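**Q** based on what follows, work out the 3D shape:
(one chain, ligands or ions: 1)
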Amino acid sequence: MYEDLKGKVAIITGSRRGMGRTHALMLAQAGSKVIVSDISQEDCQKVVKEIEKAGGEALAIKCDVTKKEEIDEMVKKTVEKFGKLDILVNNAGIVQFKTFLEMTEQEWDKTLDINLKGYFLCAQAAAKEMVKQKSGVIINIASVAMGQQGIGMANIVQYCASKGGIAGMSEALAMELAPYNIRVNVISPGMIETPMIDSVKEDPKMMEAMLARVPMHRVAKPEEVSNLVLFLASNASSYMTGSLVVIDGGWLAG
Ligand code: NAP
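**A** Next comes the predicted model:
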């Protein structure tokens with residue numbers, strides 16, 4: 001499946017753990033050369049070891065997505081090592097719970113810097129390479145908490161704003177990058193079993209209240225989202241750009 005992913009070069013931000021890790025493992029399994037990138041080089045190296053053990057090819061690069069110089073360096077090292085860059089998965093993100101009335105300007109800025117500005121900076125650095133080769137794929141991970149057609153969630157106003165920003169930004173990027181044969185799509189996951197939802201799981205009442213809104217009544221495994229990453233990264237989705245795909249066990253439909 002997805003034969004064309006063989007030999008492709010993919011950067012996945014925030015891939016030391018959680019969904020980013022499974023995106024990296026599964027892209028490598030499909031034959032892509034993968035850059036495992038996050039703020040901890042040591043943890044990225046562990047994922048690289050896993051990939052190599054399974055027969056794949058990968059490189060660990062420390063990159064804080066709030067730092068433009070680290071992003072530029074990551075793209076430069078990728079091209080030096082593998083000669084090109086075909087796929088970017090903008091995945092790094094944080095969530096911090098706080099009521100709107102108590103949220104500080106610093107807390108707002110921190111989330112927006114990572115979840116939205118980081119996506120912009122990584123997409124721009126990657127696209128500058130992709131434009132040269134006249135092909136590429138950018139996949140931006142948003143969330144069902146993204147505004148308009150999404151789910152309003154209390155106590156994470158800054159997170160919702162960042163994810164809504166990703167949806168809007170991605171449509172604009174799809175318009176500007178289509179002439180260069182670069183496709184840009186968004187995945188909006190519902191509740192996925194990663195360390196990000198640990199604090200929700202610690203509160204069984206909150207967990208049950210959230211699951212009550214999900215028709216499939218369960219959280220997803222990260223691999224279920226990675227399957228979608230593979231589809232959007234491959235030629236199987238060759239006519240898709242500017243699309244937003246929701247993967248949420250029916251949450252939005254409910
Ligand atoms: P996760 O396990 O917390 O993974 C996110 C990774 O991003 C972590 O390794 C984190 O490192 C890293 N990161 C944070 N700040 C960074 C920075 N400045 N530069 C580089 N990496 C950074 O969470 P996840 O659930 O896999 O989330 C992946 C993406 O899916 C996020 O964009 C998230 O918003 C989105 N999402 C998740 C869910 C869900 O239910 N899990 C639902 C919808 C959308 P640290 O741990 O050190 O911060």
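
**Q** show me what from the stretch 101-250 of the chain comes close to the ligand.
**A** Contact residues (C-beta under 6 Å from any ligand atom) of the stretch 101-250 of the chain with the ligand: I114, I141, S143, P189, M191, I192, T194, P195, M196, I197. In this view, the C-beta of every residue, glycine as well, is placed from N, C-alpha and C.

**Q** ok, the first one touching V95?
**A** Spelled out, it's I114. No - in this structure, I114 is not within contact of V95 by C-beta atoms under 8 Å, at 10.1 Å.

**Q** so G242 sits in a helix?
**A** No - G242 is assigned coil when assessed by DSSP: H, G, I helix; E, B strand; the rest coil, not a helix.

**Q** list the contacts of the spatially closest residue to it that is not a sequence neighbour.
**A** Spatial nearest neighbour of G242, chain neighbours left out: A174 (3.3 Å); criterion: C-beta to C-beta, 6 or more residues apart in numbering. Taking C-beta atoms under 8 Å, 6 or more residues apart in numbering, we find A174 in contact with R183, V184, N185, T241, G242.

**Q** one step back: out of the residues of the stretch 101-250 of the chain next to the ligand, which end up buried?
**A** Buried by 16 or more other C-beta atoms under 10 Å: I114, I141, S143, P189, M191, I192, T194, M196, I197, out of these.

**Q** how about the strands in the stretch 1-150 of the chain?
**A** Secondary structure of the stretch 1-150 of the chain (DSSP state E, counting those that start in this stretch): strands at 9-13, 33-38, 57-62, 87-90, 136-141.

**Q** okay, those strands in CSV with mean pLDDT next?
**A** Listed next are these as CSV, based on pLDDT from 0 to 100:
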stretch, mean pLDDT
strand 9-13, 99
strand 33-38, 98
strand 57-62, 98
strand 87-90, 99
strand 136-141, 99
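
**Q** format these as a markdown table; extra columns: distance to E70.
**A** Formatted as a markdown table, the strands of the stretch 1-150 of the chain follow (distance: least, C-beta to C-beta, whole Å):
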| stretch | distance to E70 |
| --- | --- |
| strand 9-13 | 11 |
| strand 33-38 | 9 |
| strand 57-62 | 7 |
| strand 87-90 | 15 |
| strand 136-141 | 18 |
